[in-house]
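Novice: starting from these lines, generate the structure:
(chains A and B, ligands or ions: 2)
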There are 2 protein chains.
Amino acid sequence: NKVPKKDYSFSNRGKTLEDELDESNAFYLANKIAVIHKKPVPVQVVKVDYPSRSAAVIREAYFKTPSTTDYNGIYNGRHIDFDAKETGIATSFPLKNIHAHQVEHMKSVTEQGGTAFLIVKFTVSGRYFAVPFDLVERAWERMESGGRKSIPLAELEEEAVEFKAGYLPRLDYLKAVSRFGIS
Amino acid sequence: NKVPKKDYSFSNRGKTLEDELDESNAFYLANKIAVIHKKPVPVQVVKVDYPSRSAAVIREAYFKTPSTTDYNGIYNGRHIDFDAKETGIATSFPLKNIHAHQVEHMKSVTEQGGTAFLIVKFTVSGRYFAVPFDLVERAWERMESGGRKSIPLAELEEEAVEFKAGYLPRLDYLKAVSRFGIS
Ligand SMILES: [Mg+2]
Ligand SMILES: [Mg+2]
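Specialist: Ligands and ions are numbered 1, 2, ... in the order given. Purely as a prediction, here's the structure:
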């Protein structure tokens, strides 16, 4: 007996940002717009059982810290590399959501000519931003030299590309990414 | 769900092709030549214990069939996507080493302007080939229309790019890939 929740953005609000991105990537793939996949969660497997007549069962394993971002792929000949970040904070994006090795990785990708960025969702307001790596990097360096530990919403409004949730695809984030350096 | 066996009887002292590629990718990364990573093995996690004061332990999980290739990344602005295949067969590369969904994936990547290929190692002779997707695709289609189920060594010698193992990097496979369509 679920009571449908009031919904401002076409679909149910219980979906995580990663669910929304997976759906969008499936749409992009089916429509030959882009080939973007989420990487599997890295796991250190310690013990595996091989029961006869059935599949191997992992009996002991541990989650590892990812050394890169979660998503990559290709869009119109461009290498795309990004991570998805949700925050419950209303007025800024806390940099503690990013790991130093992710910043390093995005920097390496950028140096090779790829397009690296974050997709940030503010869960309270339901606002989405595609945040180019150069903005992430500037904020990161500011923090490292003793400045604030977050990117203020006002900075995102000015320098990132905001986009809205829709229907097909759920999140047309690659359209937002196409506007990096333009808007 | 095969667990790759290590083979210690050849001159590379037990290193699998994947070990050799991981080393080479570490060299490429450290020298800012390319950013290529192996994707984690996909695992379906069913049960996780959360012991107090220590890390979460996965107690039941299963290996999943990967839906893409194992490696991707960026090299000189080009999106790179490939899989590594070892074979103990001496005179041909059996196509049963490739899954239909990998062929589909490499086709999608190629359509988006990426560079998709296989790295094939013949373990008996220690020969390595970078095999461009168009050759893979032709062999695959030949098999599907009732033809042979492998790519003969002679065809690889003629249409793929052979390369030798070295020191740093262990496998300079991206140099071989740069010669696609030239040699
Ligand atoms: Mg993430
Ligand atoms: Mg493989």
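
Novice: CA only for contacts and neighbour counts going forward, please
Specialist: Fine.

Novice: so which bits of stretch A:86-104 are buried?
Specialist: The neighbour-count check on stretch A:86-104 (16 or more other CA atoms under 10 Å in any protein chain shown) flags A:86, A:92-93, A:95, A:98, A:102-103 as buried.

Novice: check stretch A:51-58 too.
Specialist: A:56-58.

Novice: and those near chain B, which?
Specialist: Contacts with chain B within these, as defined by CA under 8 Å from any CA of the partner chain: A:56-58.

Novice: chain B contacts on chain A?
Specialist: Going by CA under 8 Å from any CA, the residues of chain A near chain B are A:29, A:32-35, A:39-43, A:55-63, A:73-79, A:108-109, A:112-114.

Novice: among those, which lie within helices?
Specialist: A:29, A:108-109 (DSSP state H).

Novice: against A:Ile151, how distant is A:Leu171?
Specialist: Applying CA to CA, to the nearest Å, the value for A:Leu171 to A:Ile151 is 22 Å.

Novice: over to A:Asp19?
Specialist: To A:Ile151, A:Asp19 is 24 Å away according to CA to CA.

Novice: what about the helices in chain A?
Specialist: Using DSSP H, helices in chain A cover A:17-30, A:100-111, A:133-144, A:153-159, A:173-178.

Novice: same list (these) but as TSV, adding mean pLDDT.
Specialist: Converted to TSV, these look like this (pLDDT from 0 to 100):
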stretch	mean pLDDT
helix A:17-30	97
helix A:100-111	97
helix A:133-144	98
helix A:153-159	97
helix A:173-178	98
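
Novice: how about CSV for the ones you listed, with distance to B:Arg179 added?
Specialist: Listed next are those as CSV, based on distance: least, CA to CA, whole Å:
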stretch, distance to B:Arg179
helix A:17-30, 29
helix A:100-111, 23
helix A:133-144, 32
helix A:153-159, 40
helix A:173-178, 31
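
Novice: which one of those helices lies closest to B:Ser24?
Specialist: Nearest to B:Ser24, of all the helices of chain A, is helix A:100-111, at 16.2 Å by CA to CA.

Novice: now the angle from the closest one to helix B:17-30?
Specialist: 80 degrees (axes from the mean of the first three to the mean of the last three CA atoms, to 10 degrees).

Novice: would you mind pulling up the elements that helix A:100-111 packs against?
Specialist: In terms of contacts (3 or more CA pairs under 8 Å, 6 or more residues apart in numbering or on different chains; DSSP states H and E), helix A:100-111 is packed against strand A:78-87, strand A:115-122, helix A:133-144.

Novice: and the shortest one, which strands flank it?
Specialist: In the sheet containing strand A:115-122, the strands it pairs with under DSSP bridges are strand A:78-87 (parallel), strand A:127-132 (antiparallel).

Novice: ok, A:Gly181 - how many residues close by?
Specialist: 10 (other CA atoms under 10 Å in any protein chain shown).

Novice: show me which of A:Asp19 and A:Ile151 is the more surrounded one.
Specialist: Under the criterion of other CA under 10 Å, the comparison of A:Asp19 against A:Ile151 puts A:Ile151 first, with 20 against 12.

Novice: okay, the strands paired with strand A:115-122 in JSON lines with mean pLDDT next?
Specialist: Compiled in JSON lines, the strands paired with strand A:115-122 are given as follows (pLDDT from 0 to 100):
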{"stretch": "strand A:78-87", "mean pLDDT": "97"}
{"stretch": "strand A:127-132", "mean pLDDT": "98"}
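
Novice: can you list these in CSV and add distance to A:Ser178?
Specialist: As requested, those are arranged in CSV below (distance: least, CA to CA, whole Å):
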stretch, distance to A:Ser178
strand A:78-87, 10
strand A:127-132, 10
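
Novice: ok, back up a step: quick one: closest of the helices and strands packed on helix A:100-111 to B:Thr69.
Specialist: Using CA to CA, the helices and strands packed on helix A:100-111 put strand A:78-87 closest to B:Thr69, at 15.8 Å.
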